[in-house]
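**Student:** 3D, please:
(2 chains)
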Amino acid sequence: MRPKMPLQDAQVRKTNFNEVALGYSEEDAKSEASRCLQCKKPLCVGGCPVSVNIPGFIGQIAKGDYTKALETLRETNSLPAVCGRVCPQETQCEALCILGKKEKPIAIGRLERFAADHGAIVTKDAQTEEKDTPITPPTNKKVAVVGSGPAGLTAAAQLAKDGHKVTLFEAFHEAGGVLVYGIPEFRLPKQIVKEEVEYIRSLGVDIQLNAVIGRAETVDELLGPLGYDAVFLATGAGLPTFLGIEGENLIGVYSANEFLTRINLMKAYKFPEYDTPVKHGGKVIVVGGGNVAMDAARCALRLGSKVTIVYRRSEEELPARREEVENAMEEGIVFNLLTNPVRILEKDGWVAGMECIKMELGEPDESGRRRPVAKEGSEFTIDADTVIIAIGTSPNPLIPATTPDLEVSKWGTIIASDDGATSKKYVYAGGDVVTGAATVISAMGAGRIAASAISEIIGKNSAHST
Amino acid sequence: MNHQNRHQTICTPQKTIMPYQGATRRRKVKIQTPVNTLPMFEIIEREVLAENIYRQRIKAPRIAKYANPGQFVIVRINEKGERIPLTIADFDKEKQTVDIVFMAIGKTTKQLATLGVGDFISDIVGPLGKPSDIEDLEKIVFIGGGIGVAPVYPQARAYKDAGVHVISIIGARSANILIWEDKMNAVSDELYITTDDGTKGHHGFVTQVLEKLLTEDPAIQRVVAIGPAIMMKMVAQVAAKFGVTTIVSLNSIMVDGTGMCGGCRVSVGGKTQFACVDGPEFDASQVNFDELMTRQRTYLGEEKESLDEYHNKQNKQPCDNEECPLK
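**Tutor:** Modelled structure (predicted):
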């Protein structure tokens, strides 16, 4: 039997920002790990964008060797504590688990989290005795990684392990990208991100905060006078999309980015102990149905607001992880499905409510999902003082705008081949800046692949020069 | 003992940087002490420009290297601080410094004002925003209202260096809060002063002087105005009567300053623009100032709450310095 994930009680957790999922106990983890069939040809590994040796680390958990299990994870995944918490395993590794055909698949994600959380305790003594021996000798090559989110952190770790001198540039005052500004504390405690970042720093990566590439250094400068042999662009998809409806610039309308950044990065939920404020305590409408919408809604709820989600398709099409939708519903968030915003109503410059229209599902569109069509005459009003727009983000244009020979698609994403190579020599890109907003793990996969490609191309160079 | 030193020791009870304390959870990771790799920015000069108005010179090599007139920085004082945008008042590429000028009105600016030479702030990021276009014009008018004089200065200097005839109008509510008369004088061919209460220069508003100048001098091709939103709006209306373009620099609320939060959005020519990346400078005739002013009010209540809380804390450890900005 696959053990249930112990959760903080819904009535309690909706009033705090502590982690919702509490993690497997040792007993749960061992029993679940021993359920793994240890397939000779494990299908699960093929579902993982960074090809974690899944049967390997699970077998080590079953034997009680959590240290080894964490080491196995770290071979291909530099952020296991993060992935164990936020990966959509149900559509990746776990979807392919052979056990899933008859009963429930192995809880790979939960076991990954367990190994990441428990592995290091045992390793502590061993680690302090062991000297940090570089995995490969230094190559004397310099690589700049721009953006310290999942793609950037992964690439930086890999490049450092390959022996290059890596500088990681981050625009914010803290490293982690979406892991620190986007994903809330109750899904991913920031202390964990901090520890993962420190691990990457310990590999010798020089992390430069408060560095806005494109405004300060340009990509051409990095490759030219500043002497970097290659650049990896992992700047994510940080530009918020708005609806373009009436009333969107009223006070009380936030992009999900702004709302979440205030809360997660700036800790506005601890205002006035922390200086950054955020509006809370009233009636909040969140527009959108993805993970970001769920995060924003659940943050607003924890700040004491009554929260309604407005999404234009039906429950089945909600792009958010099923688990997060269930958590949100359990916490008491109201879902207004098949509903589309028409305009935001005003009182004295402030949000006073939102006029919406009912939708019904028509023929499937390009994405294969049934296209929502407005039902004429079905307009109605929802009371609100805050509206959060969570309908997606696109890449920030700052770097493309200052890098003339870097090709960009009409959606603003950087055009890159499968290994991350862009139209500009020695410039690679990966993660959301290439794919548009996607998952943490797919960005990490892109970071890993690009790092290998970069090591190969700059490695070749040194062969030429000697 | 000079005022500044006294000030520092008295008014700065806690260090601004919290070193990384290591893992607090049960998991223990070997941490390479990152304390000295944390970015910290030293204040190397501090000056009281007028009542409640301060200038600080901060060592910030990256910003100084890339700064241009018209750009801004975002400052975060300490671990719990908010990120506040401030225009760059001056920069020195050789000495690797940038100057910020601010009025101590909210918690963050009051707290910043207590920091003196040798103190550190956690973060300063920049340069942000688009630089001003320094165009080849015959005559240009610069208008600085209140602390808006400070960001006007590097632009006026750039125009002066480019050989353009620079006319400056600097205004304040009263003479005792008028700043940088001498600095502006040095980069202006003509300098006019206005005060609302008539304690110095023209008794009245910058717009009145501007109207007179525009009436008498058709060679004026451009007006640049930086100051309170209402002043910028009025200046633009006056200039528009004469068919002269006004460029304004918008001081919207923002978090990241790189286009990520959208908090600084403002309607320009009917389209939503982000002041942080599309600006901060815009053609005033296209700016919806009423919307800007409304949005600037967003956190008035929270700002007061934050300041009250700060004052309450400070009152528990009173400061006997006469110049203390908290008094």
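**Student:** got the residues of the stretch 151-300 of chain B near chain A?
**Tutor:** With the criterion set to C-beta under 8 Å from any C-beta of the partner chain, the stretch 151-300 of chain B comes near chain A through B:255-256, B:258-263, B:265-267, B:272, B:277, B:291, B:294-295, B:297-299. C-beta coordinates here come from the backbone N, C-alpha and C atoms, glycine included.
**Student:** those residues in helices, which ones?
**Tutor:** Using DSSP state H, the subset of those located in helices is B:Glu291, B:Thr294, B:Arg295.
**Student:** could you measure from the closest residue to B:Gly269 other than its chain neighbours over to B:Val235?
**Tutor:** Nearest residue to B:Gly269 in three dimensions, chain neighbours excluded: B:Gln286, at 3.9 Å (C-beta to C-beta, 6 or more residues apart in numbering or on different chains). Relative to B:Val235, B:Gln286 is positioned 14 Å away (C-beta to C-beta, to the nearest Å).
**Student:** okay, the two: which has more neighbours?
**Tutor:** Neighbours per residue, other C-beta atoms under 10 Å in any protein chain shown: of B:Gln286 and B:Val235, the larger number sits with B:Val235, 27 against 14.
**Student:** contacting residues for the more buried one?
**Tutor:** Applying C-beta atoms under 8 Å, 6 or more residues apart in numbering or on different chains to B:Val235 gives the contacts B:Ile143, B:Val206, B:Thr207, B:Leu210, B:Val223, B:Ala225, B:Thr246, B:Val248, B:Ala284.
**Student:** whichever residue of the stretch 351-466 of chain A sits closest to chain B in helix, strand or coil?
**Tutor:** Nearest residue of the stretch 351-466 of chain A to chain B (C-beta to the nearest C-beta) works out as A:Asn396 at 5.4 Å. Under DSSP: H, G, I helix; E, B strand; the rest coil, A:Asn396 falls in the coil class.
**Student:** okay, now it: neighbour count?
**Tutor:** Per other C-beta under 10 Å, the neighbour tally for A:Asn396 reads 25.
**Student:** wait, it touches B:Asp256, no?
**Tutor:** No: if you go by C-beta atoms under 8 Å, A:Asn396 and B:Asp256 don't touch, sitting 9.9 Å apart.
**Student:** give me the buried positions along the helix ranked longest in chain A.
**Tutor:** The longest helix of chain A (DSSP H) is helix A:440-465. Residues A:440-451, A:453-455, A:457-458 are the ones in helix A:440-465 that count as buried (16 or more other C-beta atoms under 10 Å in any protein chain shown).
**Student:** do the same with stretch B:238-254
**Tutor:** Of all the residues in stretch B:238-254, those buried under the rule 16+ other C-beta under 10 Å are B:Val238, B:Ala239, B:Val244, B:Thr246, B:Ile247, B:Val248, B:Ser249, B:Leu250, B:Asn251, B:Ser252, B:Ile253, B:Met254.
**Student:** over to stretch A:318-331?
**Tutor:** A:Leu318, A:Pro319, A:Ala320, A:Arg321, A:Glu323, A:Glu324, A:Val325, A:Asn327, A:Ala328, A:Glu331.
**Student:** which of these lies closest to B:Lys107?
**Tutor:** For the buried residues of stretch A:318-331, the closest approach to B:Lys107 (C-beta to C-beta) belongs to A:Glu331, at 32.5 Å.
**Student:** show me which of the residues of the stretch 151-300 of chain B next to chain A are buried.
**Tutor:** Taking 16+ other C-beta under 10 Å as the criterion, what is buried in those is B:255-256, B:258-263, B:265-267, B:272, B:277, B:291, B:294-295, B:298-299.
**Student:** find the nearest non-adjacent residue to B:Gly145, please.
**Tutor:** Using C-beta to C-beta, 6+ apart, the nearest residue to B:Gly145 is B:Gly227, at 2.5 Å.
**Student:** so what's residue 146 up against?
**Tutor:** Picked chain A for this. Contacts for A:Val146 (C-beta under 8 Å, 6+ apart) come out as A:Gly152, A:Phe169, A:Ile213, A:Val219, A:Val231, A:Phe232, A:Leu233, A:Ala234, A:Thr235, A:Ile399.
**Student:** actually, chain B is the one I wanted.
**Tutor:** Contacts were defined as C-beta under 8 Å, 6+ apart; by that measure B:Gly146 touches B:Met103, B:Gly171, B:Ala172, B:Arg173, B:Ile177, B:Gly227, B:Pro228.
**Student:** I figured the third one hits B:Thr195, correct?
**Tutor:** In other words, B:Ala172. Yes: taking C-beta under 8 Å as the definition, B:Ala172 is a contact partner of B:Thr195 at 5.8 Å.
**Student:** mind listing the shared neighbours of those two?
**Tutor:** Taking C-beta under 8 Å, 6+ apart as the contact definition, B:Ala172 and B:Thr195 share the neighbouring residues B:Leu178.
**Student:** good, wrapping up.
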